[in-house]
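>>> can you look at this prediction? I've put the sequence above it.
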Amino acid sequence: MRKFLSLGLSFSMAAMLAACGTNTTQTTSSSSGSEGTKQTQREVVNFWYLWGGEEAKLIEQIIAEYNKSQDKYEVVGTSTPDQKVIITSISGGQGPDITDDFGGSVPKYANENIAQNLDEYIKKDSVDMTAFVDAALEQQKYEGSIYSLPISVNVFALYYNKDLLNNAGITKTPQTLEELMQIGEETTVLDGGALKQLGSPFVPANYWPNIFTYAYGSDFGQTGKLTPDNEGFKKSLEFMESQVKKFGKDALSNFITSGNSNLNTPQDPFLNGTQVFRIDGPWLYNMAKEANVNFEVMPVPGAESVGSDGWSTVDTSMLYIPTTSKHKDGAWDFMKYMCMGDGNKLFCKLKGDLPSTKALLEDQEIISASPAQKIFSEIVAKNNLRVLPPSLNTAEYSKAIKDAVEAVLLGDSVEQALNRMKDAVSTLK
């Protein structure tokens, strides 16, 4: 069975590479006039995309609309939900003319000459890059140049369980980060040495540390100048340390570990009604509705010293043109349609993703698609969004942050955790 599967994959790859190799002009449309029928030759642009299943059908709808909108290029889509296949094909000179990925991949693809530098295309067409959400655009850059365009963004908000707050006699939502931490502590319930209810947004473990840091007005540095021991992250770790001391290392770590292991399942603590505050993305909204949780969503408030809200880390889905693309002009034209033109609005409407352009954040068709869309669009529009410094070592930096948080959870002091973190990132750039 394994041999047949491998053989099938080989045939599939061969077909894909053959399709890329036959990327020549073809007759795809005609128009009638007084002089008879005029044939229009279109240049084929191959678009390999990571989306699959029902999402792939939506992408094909957008491709069809693009092909109808002009008569110069014919985009041919191929669902390829394997990043390694795409990168291997690009490296071998047989990849697509345009493809998609995530913004965090930009430094690697730029450094390894996988993604095409777009500066000249942007300059030639006088593209207004201020049309994009600032933080979303930042994730498309490497060493000052732009290598991709964002098609959508992911941001995070503060979910809260209304019933659990009411049970604790709390009728006011937190207006500052300090109030959020205070209420989180007040609504954490320890019973017989075990945590029965978690007030603070420590589950999931990978969102809150960065977002708390930003909400304190700090960040993790800039490219070439990392600041792992910034004041905001230090205060975030100090808050976790205080909770470990108050509720016990074992009780807190057991609850958090179990919660992270059961994310988005019936045992997820927010979905089963044992977590008061939760920092998460738009995808949690429908899950919580289906689980009959009585909840609301609000922007993450800033610290008293910052005095604003909507603080979040941001990630993007993006499109890039491989350096080996044989039809870069056509790929660029399609990229503009998908990331800035009618295609982007259609993408956000069909898929329910958040737009990366400022204009669409105010578009009523987008905003009214769902309650979650409205809430998260407003958070994007607030523009209190941050990303880790774009570098070749973003994954290592993220791991160092995660390791520092886990060390404090398991009983290390903040000073010990930060010292190890500084050692771990000392050679990163």
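Looks like it arrived, so ask away. Numbers count the residues shown, from 1 in each chain.

>>> now do the SS call for Pro269.
Following DSSP: H, G, I helix; E, B strand; the rest coil, we place Pro269 in the coil state.

>>> got a list of what it touches?
Applying CB atoms under 8 Å, 6 or more residues apart in numbering to Pro269 gives the contacts 198, 203, 255, 258-259, 262, 275. For glycine as for every other residue, the C-beta is placed from the backbone atoms N, C-alpha and C.

>>> residue ranges of each domain in the protein, please.
By the assignment in automatic domain parsing, the chain contains the domains 43-154+315-381, 157-313+393-425.

>>> for the contacts of Pro269, name the two members farthest from one another.
Greatest spacing in the contacts of Pro269, by CB to CB: Leu198 and Asn262 (12.8 Å).

>>> of those two, who's got more company?
Ranked by neighbour count (other CB atoms under 10 Å), Leu198 and Asn262 place Leu198 first, with 27 against 15.

>>> picking that back up, same list (the domains of the chain) but as JSON lines, adding distance to Val387 and mean pLDDT.
What follows is the domains of the chain, written out as JSON lines (distance: least, CB to CB, whole Å; pLDDT from 0 to 100):
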{"stretch": "domain 43-154+315-381", "distance to Val387": "5", "mean pLDDT": "95"}
{"stretch": "domain 157-313+393-425", "distance to Val387": "7", "mean pLDDT": "96"}
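
>>> cross the contacts of Pro269 against helices and list the overlap.
Mapping the contacts of Pro269 onto helices (DSSP state H) picks out 255, 258-259.

>>> want to throw those into JSON lines with neighbour count and distance to Gly217?
Shown next, in JSON lines, are the ones in helices among the contacts of Pro269 (neighbours: other CB atoms under 10 Å; distance: CB to CB, whole Å):
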{"residue": "Phe255", "neighbour count": "23", "distance to Gly217": "29"}
{"residue": "Ser258", "neighbour count": "14", "distance to Gly217": "33"}
{"residue": "Gly259", "neighbour count": "23", "distance to Gly217": "28"}
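
>>> now do the contacts for Ala395.
Contacts here follow CB under 8 Å, 6+ apart; on that basis Ala395 touches Gly104.

>>> any idea which helix or strand carries it?
Assigned by DSSP states H and E, Ala395 falls within helix 394-409.

>>> can you name the element that comes right after that helix?
Counting by DSSP H and E, the next helix or strand C-terminal to helix 394-409 is helix 414-425.

>>> what residues of that next one count as buried?
414, 417-418, 420-421, 424-425 (16 or more other CB atoms under 10 Å).

>>> what's the answer for stretch 103-112, then?
103-110.

>>> same question for stretch 249-264.
251-253, 255-256, 259, 263.

>>> can you show me the CA trace of that stretch as CSV?
Output of stretch 249-264 as CSV, limited to C-alpha atoms (Å, rounded to 0.1, in the frame of the first residue of the first chain):
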residue,chain,number,x,y,z
LYS,A,249,3.4,25.3,41.1
ASP,A,250,1.8,21.9,40.7
ALA,A,251,-1.8,23.1,40.7
LEU,A,252,-1.2,25.9,38.2
SER,A,253,1.1,24.0,35.9
ASN,A,254,-1.2,20.9,35.9
PHE,A,255,-4.2,23.0,34.8
ILE,A,256,-2.3,24.9,32.1
THR,A,257,-0.6,21.8,30.7
SER,A,258,-4.0,20.0,30.5
GLY,A,259,-5.6,23.1,29.0
ASN,A,260,-3.0,23.4,26.3
SER,A,261,-3.2,19.7,25.5
ASN,A,262,-7.0,19.9,25.0
LEU,A,263,-7.3,23.2,23.0
ASN,A,264,-10.4,23.4,20.9
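
>>> from the chain's centre, how far out does that stretch sit?
Stretch 249-264 sits 24 Å away from the centroid of its parent chain (CA atoms, centre = their mean, to the nearest Å).

>>> same question for stretch 210-225.
Its chain's average C-alpha position is 17 Å from that of stretch 210-225, according to CA atoms, centre = their mean.

>>> quote the end-to-end distance of it.
17 Å (CA to CA, to the nearest Å).

>>> re the thing from before, nearest to Met335, of the buried residues of stretch 249-264?
Distances from Met335 to the buried residues of stretch 249-264, taken by CB to CB, are shortest for Leu263, at 33.5 Å.

>>> ok, now which ones touch the closest residue to that closest one other than its chain neighbours?
Of all residues not flanking Leu263 in the chain, Pro204 sits nearest, at 5.9 Å (CB to CB, 6 or more residues apart in numbering). Pro204 sits next to 259-260, 263, 279-280 when contact means CB under 8 Å, 6+ apart.

>>> how does it look with 7 Å?
Going by CB atoms under 7 Å, 6 or more residues apart in numbering, Pro204 touches 260, 263, 280.

>>> next, format the residues you listed as CSV and append distance to Asp163.
Below are the contacts of Pro204 laid out as CSV (distance: CB to CB, whole Å):
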residue, distance to Asp163
Asn260, 23
Leu263, 21
Asp280, 18
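
>>> between those residues, which is nearest Thr130?
Asp280 (29.7 Å).

>>> isn't that closest one right up against Tyr160?
No. Asp280 lies out of contact with Tyr160 (CB atoms under 7 Å); the separation is 11.2 Å.

>>> name the residues that touch the helix or strand where Ala56 lies?
Per DSSP H and E, Ala56 falls inside helix 53-69. Helix 53-69 is contacted from outside by 47, 49, 51, 74-75, 77, 79, 334, 337-338, 343, 346-347, 350-351, using CB under 7 Å, 6+ apart.

>>> and the residue nearest to the spatial centre of the chain, how far from Ala131?
Central residue of the chain (CA atoms, centre = their mean): Asp315, 3.0 Å from the mean position. Distance of Asp315 to Ala131, computed by CB to CB, to the nearest Å: 19 Å.

>>> and the helices in the stretch 201-350 of the chain?
208-215, 231-247, 249-261, 283-290, 328-339, 342-351 (DSSP state H, counting those that start in this stretch).
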